[in-house]
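Novice: Provide a 3D model corresponding to the input given below.
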Amino acid sequence: MQGSRAARGGRRLLAGALLLFRRTAGFGSLIAGIAAGTAQVFSPGTAWAQKVDLPAGVAKVLAERSPATVDDLRQIERQVARVVERVLPATVGLRIGNGMGSGVVVNREGLILTAGHVVGEAGQRATVIFPDGRRLPGYTLGADHDCDAGMVELLDPPADLVYCPLAEGDELAAGTWVVATGQPGGVVALRDPPVRLGRVLFTGHDVVCSDCEIVGGDSGGPLVNLAGEVVGIHSSIGPMINQNFHVSIGAYRRGWERMHKGESWGGPFDRNGDGIRDRPMLGVAGRTEEGTCLITQVFPGLPAERAGLKPGDVVTKVDGRTIDAFEALIAAVEAKMPGRRVLLEVRRREETLEFRPRLAVAPPKPADKEKGPQGLSPGRAN
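Specialist: Residues are numbered from 1 along each chain as shown. Below you'll find the predicted structure:
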């Protein structure tokens, strides 16, 4: 991110300060020290969802490339505090079978959006764990495993249910400020859902990539804008700590009726029943060379070789998005689901070629069962 050293340092301090809140007397007092007089305190007994007001001055700061002054940072901090107060009570942990994940309540009927690989199949019992310690029964609805979207519903939603509104449009510009919450590592006593502040890096079909850190257990948790609207649901960990993937809210809208009826389709998904999403594999190794993505090795029997790629090829685009580094190719592949075809534009000497490999399922890494899905490093096959 461009900007002064003070602004960059201030953002790091801000993100660090917001990484983890601990429960005090209640959600109202949780933020009171940061945003006294600005946040509306949750009133038990009524279900509600409301956008967070975005003052014109804050909107102007958020539209800049980076915060320029300490006052800019303070305005962002106050806005994040308002958003956090609304989002935390709607962020839930989900226990389905032996797996744990996260979710976000999105209506007064108790509908919860989560990741498809958290849901698995329709009709399963689910335990919904709220930040205040309540454990309520629910059940899985449907899932679109092609984009990793899923739904869960409470059996008997409480009268004081808090839920988050969905963003109205599908457009999400690179650089948009976002907040991620979830229940990494499962629900921990006396710990509210950790909060991470970041920005959107890029978007693709049904995919949002942000620099918000997510880890195992965050899957299904919400990504919200600074108006408190859900713009995405955490799906998979990317190749680097600051490149992670979320299902766009537009993907849920397109499959809403089918998922709500209990339909599940697409895949493959979580074949081992351990809550870990299958990871896609292209089957190449490579490196970044002078601003290009150079393929140095094509592994036999894997999708890249079957499609016709060769060592020495330079990948220039994936599904129309420009690729200027091998790390960008990894990120683009990690955003896809196994079994889907991708369109690769490749430069081979003086020719420009197109290939449509169908991604395979990557073998699980030993650490996967403890830490969740991981991105592949540039030196490994992908």
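
Novice: every contact and neighbour count from this point should use C-alpha atoms.
Specialist: Noted.

Novice: pLDDT at residue 335, what is it?
Specialist: In the predicted model, residue 335 carries a pLDDT score of 75.

Novice: check contacts around it.
Specialist: Neighbouring residues of residue 335 by C-alpha atoms under 8 Å, 6 or more residues apart in numbering: 207, 236, 238, 245.

Novice: which single one of these is nearest to residue 290?
Specialist: residue 238 (23.2 Å; C-alpha to C-alpha).

Novice: shouldn't that closest one be in contact with residue 215?
Specialist: No: look at residue 238 against residue 215 with C-alpha atoms under 8 Å: they stay out of range, at 9.9 Å.

Novice: looking at those two, which is more packed in?
Specialist: Using other C-alpha atoms under 10 Å as the criterion, residue 238 and residue 215 rank with residue 238 on top: 27 against 20.

Novice: what distance do you get for that one to residue 232?
Specialist: Distance, residue 238 to residue 232, by C-alpha to C-alpha, to the nearest Å: 15 Å.

Novice: swap in residue 266?
Specialist: 19 Å.

Novice: if you count what's nearby, which of the two comes out ahead?
Specialist: Taking other C-alpha under 10 Å, residue 266 and residue 232 do not tie; residue 232 has more neighbours (32 against 16).

Novice: for the closest residue to residue 130 other than its chain neighbours, identify the helix or strand it belongs to.
Specialist: With C-alpha to C-alpha, 6 or more residues apart in numbering as the criterion, residue 130 has its nearest non-adjacent residue at 4.9 Å, and that residue is residue 92. Assigned by DSSP states H and E, residue 92 belongs to strand 91-96.

Novice: whichever helix or strand residue 202 is part of pairs with which strands?
Specialist: Residue 202 is part of strand 196-204 when elements are defined by DSSP H and E. Using DSSP bridges, the strands paired with strand 196-204 in its sheet are strand 177-180 (antiparallel), strand 207-210 (antiparallel).

Novice: for the last one, which outside residues touch it?
Specialist: Residues outside strand 207-210 that contact it (C-alpha under 8 Å, 6+ apart) are 147, 198-203, 232, 242-248, 335.

Novice: mind doing that once more with 6 Å?
Specialist: With C-alpha atoms under 6 Å, 6 or more residues apart in numbering as the test, strand 207-210 has contacts from 199-203, 243-248.

Novice: what's the answer for stretch 116-129, then?
Specialist: Residues contacting stretch 116-129 (C-alpha under 6 Å, 6+ apart): 92-96, 101, 135-143, 145, 148-150, 262, 277.

Novice: quick one: which of those residues sit in strands?
Specialist: 92-96, 101, 135-143, 149-150 (DSSP state E).

Novice: from the contacts of strand 207-210, list just the buried residues.
Specialist: 199-203, 243-248 (16 or more other C-alpha atoms under 10 Å).

Novice: near residue 205, how many other residues are there?
Specialist: 13.

Novice: sec struct for residue 250, please.
Specialist: Three-state assignment for residue 250 (DSSP: H, G, I helix; E, B strand; the rest coil): helix.

Novice: ok, it - contacts?
Specialist: Neighbours of residue 250 in contact, by C-alpha under 6 Å, 6+ apart: residue 170.

Novice: do residue 201 as well
Specialist: Residue 201 is in contact with 174, 209-210, counting by C-alpha under 6 Å, 6+ apart.

Novice: check those residues for burial and list the buried ones.
Specialist: Burial by neighbour count, judged by 16+ other C-alpha under 10 Å, picks out 209-210 from the contacts of residue 201.

Novice: could I get the contacts of residue 201 as CSV with distance to residue 355 and pLDDT?
Specialist: Shown next, in CSV, are the contacts of residue 201 (distance: C-alpha to C-alpha, whole Å; pLDDT from 0 to 100):
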residue, distance to residue 355, pLDDT
174, 27, 86
209, 24, 89
210, 28, 91
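
Novice: coming back round to it: dump the strands paired with strand 196-204 to CSV, plus distance to residue 340.
Specialist: Formatted as CSV, the strands paired with strand 196-204 follow (distance: least, C-alpha to C-alpha, whole Å):
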stretch, distance to residue 340
strand 177-180, 27
strand 207-210, 14
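
Novice: what's the least confident stretch among these?
Specialist: Lowest mean pLDDT within the strands paired with strand 196-204: strand 207-210, a mean of 90.

Novice: which SSE is residue 237 in?
Specialist: Residue 237 belongs to strand 230-240, assigned by DSSP H and E.

Novice: same deal with residue 327?
Specialist: Going by DSSP H and E, residue 327 is in helix 326-334.

Novice: please apply the same query to residue 127.
Specialist: Assigned by DSSP H and E, residue 127 belongs to strand 125-129.

Novice: ok so, going back, who are the packing partners of the helix holding residue 327?
Specialist: On a contact count with 3 or more C-alpha pairs under 6 Å, 6 or more residues apart in numbering; DSSP states H and E, helix 326-334 meets no helix or strand.
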